[in-house]
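Q: give me a model of this one.
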Amino acid sequence: MKRIYTIVLILVLGTALTGKVVAQKYTIQGGLSLSTMLSKDDDDTYSNDYSMRPGFHFGILTEKPINPSLSFQTGAVITTKGFKLEDEIVGTNVEFNINLLYLDIPLLLKAGSPLQNGGTVFALFGGYVGYGLNGKAKITVGSDSEEEDINWGSDENDDDFMRLDFGLSLGAGIETSKVIISASYDLGLANISAYQDNGATVKNRVLKLSVGFKL
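A: Below you'll find the predicted structure:
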């Protein structure tokens, strides 16, 4: 955990120092994350049976104006990813959970338009780069459960997922002088599967519902 805090601290301090030079705006943002994964190979798409796993995201964002209606947004956001799979085998409920924790760096263009009654409606478009911090795989059969750590790396025999993630981001929301409410979707483009024979592919998918407070 010390490593996680160090990475976040470096990024936050870096954005803070940059903000002093270019007069960026700051927002503390967090909320609900609903994640799943695309999982397939050349034979089948296995993620059709996955369901979204609830989690969270939390971080600090900075925003640099480009013109009165357009700005560039970035920051550091801790985000949970993964999926949930539920089934019934011989009358026994079975649940499988993958819970991953990432540090994401959003790289977004934000286009806004003022509302007649005050506030601004905006749209977000861009991408993100993520780094896997830790993770757990948990299987529950009836009342019994077992949990194991996720192995990060590119060894197809020993590892589960590769740490680097990246993809596209789309979003929209409404903001006032103090509060921002938004929804966004992260579409992972990176194949994070350590095992890639027979076209094996695993990609992250995350829906975020966020509330932000301007500093």
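
Q: pLDDT score for the residue lying farthest from the centre of the chain?
A: The C-alpha centroid of the chain is most remote from residue 90, which lies 35.4 Å away (C-alpha atoms, centre = their mean). Per-residue confidence at residue 90 stands at 77 (pLDDT).

Q: and what of residue 117?
A: Looking at residue 117, its pLDDT reads 84.

Q: got a list of what residue 38 touches?
A: Applying C-beta atoms under 8 Å, 6 or more residues apart in numbering to residue 38 gives the contacts 45, 47, 188, 201-203, 205. For glycine as for every other residue, the C-beta is placed from the backbone atoms N, C-alpha and C.

Q: just those: which are in strands?
A: Counted as lying in strands by DSSP state E, out of the contacts of residue 38, are 188, 201-203, 205.

Q: which two among those residues are spaced furthest apart?
A: Distance extremes for the ones in strands among the contacts of residue 38: the farthest pair is 201 and 205 at 12.5 Å, using C-beta to C-beta.

Q: what number of residues lie near the nearest residue to residue 130 once chain neighbours are set aside?
A: Spatial nearest neighbour of residue 130, excluding adjacent residues (C-beta to C-beta, 6 or more residues apart in numbering): residue 165 at 3.7 Å. Neighbour count of residue 165, defined by other C-beta atoms under 10 Å: 25.

Q: repeat that for the one 4 residues further on.
A: Residues within reach of residue 169, counting by other C-beta under 10 Å, total 20.

Q: so it is in which element?
A: Assigned by DSSP states H and E, residue 169 belongs to strand 164-175.

Q: alpha carbons of the helix or strand hosting residue 112, as CSV, please.
A: Secondary structure assignment for residue 112, by DSSP H and E: strand 92-114. This file holds the C-alpha atoms of strand 92-114, laid out as CSV (Å, rounded to 0.1, in the frame of the first residue of the first chain):
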residue,chain,number,x,y,z
THR,A,92,-25.5,-24.6,-5.4
ASN,A,93,-25.0,-20.9,-6.0
VAL,A,94,-21.5,-20.0,-7.4
GLU,A,95,-20.1,-16.5,-7.5
PHE,A,96,-16.8,-15.5,-9.0
ASN,A,97,-15.4,-11.9,-8.5
ILE,A,98,-12.4,-10.2,-10.0
ASN,A,99,-11.6,-7.0,-8.1
LEU,A,100,-8.8,-4.9,-9.6
LEU,A,101,-7.5,-1.5,-8.3
TYR,A,102,-6.0,0.9,-10.9
LEU,A,103,-4.4,4.3,-10.9
ASP,A,104,-5.9,6.1,-14.0
ILE,A,105,-4.7,9.2,-15.6
PRO,A,106,-7.5,10.8,-17.7
LEU,A,107,-6.6,12.9,-20.8
LEU,A,108,-9.8,14.6,-21.8
LEU,A,109,-11.2,17.5,-23.8
LYS,A,110,-14.1,19.2,-22.1
ALA,A,111,-16.6,21.2,-24.1
GLY,A,112,-19.1,23.3,-22.2
SER,A,113,-22.2,25.4,-22.9
PRO,A,114,-23.9,27.7,-20.4
